[in-house]
Structures are given as structure tokens and as C-alpha cells.
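In: generate a structure from the sequence data that follows.
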Amino acid sequence: MQKFALLITLFTFIHSTLTLKLSLKSTLNPEFSDIKLCKVFDENLLVSAGETGTIKVWDTNNGRLLYNLDKSNGGHLSRVVSLASLENGYLATGSFGYYAVRDTSIKIWDLTNGKLKFTFDQPKGGHTYTITSLVQLENGFLASGSQDKSIKVWDVTNGILKFTFDSTNGGHDETIDSLALLENGYLASHSLKHLKIWDIQNAKLKFSVQATSQSSYIYSIVALNDGLLATRLFYDINIYDMTNGVIKYHFEDVDGGHLEYVSSIAALENDLLASCSYDYTIKIWDLANDKLKFTFDNGVQNKSATNSLVSIGNGYLASGTSKGILQIWDVTNKKLVLNVDQSQGSHSDSIDSLILLDNGLLVSSSSDNTIKLWSISE
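Out: Numbering: from 1, shown residues only. Here you go, the predicted structure:
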């Protein structure tokens, strides 16, 4: 036991003495706003899409544009609002189906050659409104959620609609906001007032949870380990046990929680969960012990709300702020280690999303309509 404690102490000391470095590798200009990002089967590729309907596929090794997928080669007629990486080098994209242009299609692209493989549209049983969420399931299936209040499951190997979940078979009676694949192969879906769990193999609803008040409305979901699911509420966070749909933990202000709108949550290593808020704080929650572990106060230095979070491994957390500042936090030693602003190469406007590619690059997108690739080293 003493040797084990000594090793933990030694690891913590070594970790605390390392100097993390963040270097700007490339700045990409996709030439559209409302940027969505997606990592795919090839660790060196990055997909971006946005308000023009064009999908751009980038080689992150050199920042070169590989494919420009637009209506000239079968692409979308309106804004692309959802992306999902699939098996066999495929990419699924979904569009915004409101107003004058009623493109409510899902398109399947082969990224090995930049060709369109399938279009799932209304004549094929597709959605009638905006595609809000896409997620890969097991066995070559794709799930799609829509503002038409339905979830559809597609066989991407042959382009056939397998089944639809809607109000006739236990589905939602509101817009589907997002979908998540759980560890056990079940599908989680949520609207503002309902969380539902689906047994895809048997094509049936497993259980449903209803928000009991406006304060318990659901704004996003994140699948966790050990059969847990986190839901982001307006001020609070619920952790559900997905075996029975029961709330296992509820984190609110009396537990040290946020005082303003919670803008994002992210799963971390070692059974930790991060959340950020318009109250200028980032909070780290200990799921194993059902308590707040500590708080990073971003208001002290920047008076800047955090919009996005992503774990970058080795006990570090990346965050992006409304002022375009990219930050790296050492969760192990409870401190800010990097604060990168525009003068150091960061964005000139709000950082809206962050993802970590499998090749180790950190990617940020911003309301300044740029994407930045960052290399991380110690």
C-alpha cells in the first residue's frame, strides 16, 4: 500500500512539472458560417460543413482541401446542420429543411473517393423537416432525428429505411434535439421535455422519462461509462442509470453547481464530468462519489463565458470562450496551464466547438468563420 501511494505521489509530481505546449498548425477558411465539425475514419481527415450546404473535407497534415461536396456533385441545397462518421469510410450529413428551400435529406458520402453513395429523402420514407441529429449504430445502421418529431433507422449498406419511431409507437411529440449511442447498444434520444431509450435490436421503446418542470427541460445528452447518461438542464445536471431510467445523481446550485445557464458538458477520464456555464465557471464533478470535485473560475482572468469543452487526455481539459480564448486546464493539479488569445493565434470571435482528432490534433471552430488546428506537446 505504501509503494502504491508513493507511485501516485510520484506521478502527480511529474505531471505537475510538465510544461504543456500548444502550437497553431493551420488555419482553415471554409468560407461559410455556423461551422459544424466531424472527425472520421481516417485520423488525418477533418470534415466541416455549414450554412451554404457545402461540405469540405480537409487533410490535417497539410491543411489542404481534399473534397468540396456541394450541390454540383449531388450535395445539399440548404444548410448542413448534422454530421456523423460511419464505418467503411462513409460520412452521413443532414440538412436544414425550413423556409424556401425544403431540403430535408440525409446524404451518405464515400470519403475514400468523395462520391455520393445514397440520398435518404421523402420519397424513400425520409424526414419532412430539419435533420437535427445523426449517430452511427451497430450493424451498419444509422439513426436520424428530426424536427418532424421522428427517429428513423437506416441500413447504410443498402440504403433502406428499417423502421421509424414516432408518436404512433411511443416516440416523441416534440422536435428531436439529439441522439446518443449507449454502451449497451441502446439509443438515447431527447426532446425538450422527454428522454427516451430505444432497444434498436428489437425495434421498441425501452423506457421514457419526462421533465416535470421548466427547470428540468433537457438541452443536451452525453453518454458516459458504466451505463450512465448525463443530461444538461438549464442550471443543473442529471446523471441517469440507463438500466432503469432512474436519476442517480442530481447536481444543482446547493451542491456547488452553476448559477447561470449551463452551456456544455463533457466526459473526462477517471469518472469525472466537466460542465461550463455563463457564470464564468467550469466545474469538475466526481461521479464515483456524487460530488463537486472543484471549480475553475474563468471570471477572475477573462470575464468570459465558456462555450465548449473537450477532454484532450492525460488529465487535461480544453475549453473555448465567448471572446475567442482557447484554454487548457490541468484537471489533476487543478490549475490553468495555457490561455491562448488572438494575439497568440487564437480566434477573433467566440469559439463555438472543439474536437480532438485521433492523430492528437485539437480543432477549434469559431464565429469568426475559421477553423484552427493545434498541435499539443509536453
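
In: what pLDDT does the closest residue to residue 288 other than its chain neighbours get?
Out: Taking C-beta to C-beta, 6 or more residues apart in numbering as the measure, residue 288 lies nearest to residue 271, with 4.4 Å between them; neighbours along the chain are not counted. Placement of C-beta: from N, CA and C, glycine included. Per-residue confidence at residue 271 stands at 95 (pLDDT).

In: was I right about residue 271 contacting residue 284?
Out: No. With contact defined as C-beta atoms under 8 Å, residue 271 and residue 284 do not form a contacting pair (11.0 Å).

In: more crowded one of the two?
Out: When neighbours are counted by other C-beta atoms under 10 Å, residue 284 comes out ahead of the other of residue 271 and residue 284, with 18 against 15.

In: tell me the secondary structure at the more buried one.
Out: Following DSSP: H, G, I helix; E, B strand; the rest coil, the label given to residue 284 is strand.

In: tell me the SS of the closest residue in space to it that isn't next to it in sequence?
Out: Nearest-residue entry for residue 284: residue 293, 4.5 Å, with adjacent residues in sequence omitted and distances by C-beta to C-beta, 6+ apart. At residue 293 the chain is in strand, as set by three-state DSSP.

In: show the contacting residues for residue 293.
Out: 272, 284-286 (C-beta atoms under 8 Å, 6 or more residues apart in numbering).

In: what of residue 63?
Out: Residue 63 sits next to 25-28, 373 when contact means C-beta under 8 Å, 6+ apart.

In: can you check residue 38 too?
Out: 46-49, 83-85, 91, 355.

In: select from those residues every entry located in helices.
Out: Using DSSP state H, no member of those sits in helices.

In: pick the one among the residues you listed closest to residue 171.
Out: The nearest member of the contacts of residue 38 to residue 171, counting by C-beta to C-beta, is residue 84 at 20.0 Å.

In: which intervals of the stretch 101-250 of the chain have sub-threshold pLDDT?
Out: In the predicted model of the stretch 101-250 of the chain, residues 101 satisfy pLDDT under 70.

In: and the strands in it, which stretches?
Out: Along the stretch 101-250 of the chain, the stretches classed as strands by DSSP state E, counting those that start in this stretch are 106-110, 115-120, 131-136, 141-146, 151-155, 160-165, 178-181, 187-190, 194-199, 204-210, 220-223, 228-232, 237-241, 246-251.

In: nearest to residue 366, of those strands?
Out: Between residue 366 and those, the shortest separation by C-beta to C-beta is 19.9 Å, and it involves strand 220-223.

In: that older thread, in the contacts of residue 38, which residue is surrounded by the most others?
Out: Neighbour counts for these, by other C-beta under 10 Å, peak at residue 49, which reaches 29 neighbours.

In: for stretch 38-55, C-alpha coordinates in PDB please.
Out: Taking only C-alpha atoms (Å, rounded to 0.1, in the frame of the first residue of the first chain), the coordinates of stretch 38-55 have been written out as PDB:
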ATOM      1  CA  CYS A  38     -16.700  15.900 -37.500                       C
ATOM      2  CA  LYS A  39     -13.800  13.600 -37.200                       C
ATOM      3  CA  VAL A  40     -13.900  10.500 -39.400                       C
ATOM      4  CA  PHE A  41     -12.400   7.000 -40.000                       C
ATOM      5  CA  ASP A  42      -9.100   8.400 -41.200                       C
ATOM      6  CA  GLU A  43      -7.400  10.100 -38.300                       C
ATOM      7  CA  ASN A  44      -5.900  12.700 -40.600                       C
ATOM      8  CA  LEU A  45      -9.100  13.900 -42.100                       C
ATOM      9  CA  LEU A  46     -11.500  16.600 -40.800                       C
ATOM     10  CA  VAL A  47     -15.000  17.400 -42.100                       C
ATOM     11  CA  SER A  48     -16.600  20.800 -41.900                       C
ATOM     12  CA  ALA A  49     -20.000  22.000 -43.000                       C
ATOM     13  CA  GLY A  50     -22.200  25.000 -42.500                       C
ATOM     14  CA  GLU A  51     -24.700  27.500 -43.800                       C
ATOM     15  CA  THR A  52     -24.000  27.200 -47.500                       C
ATOM     16  CA  GLY A  53     -24.700  23.500 -47.700                       C
ATOM     17  CA  THR A  54     -21.200  22.700 -48.800                       C
ATOM     18  CA  ILE A  55     -19.200  20.000 -47.000                       C
END
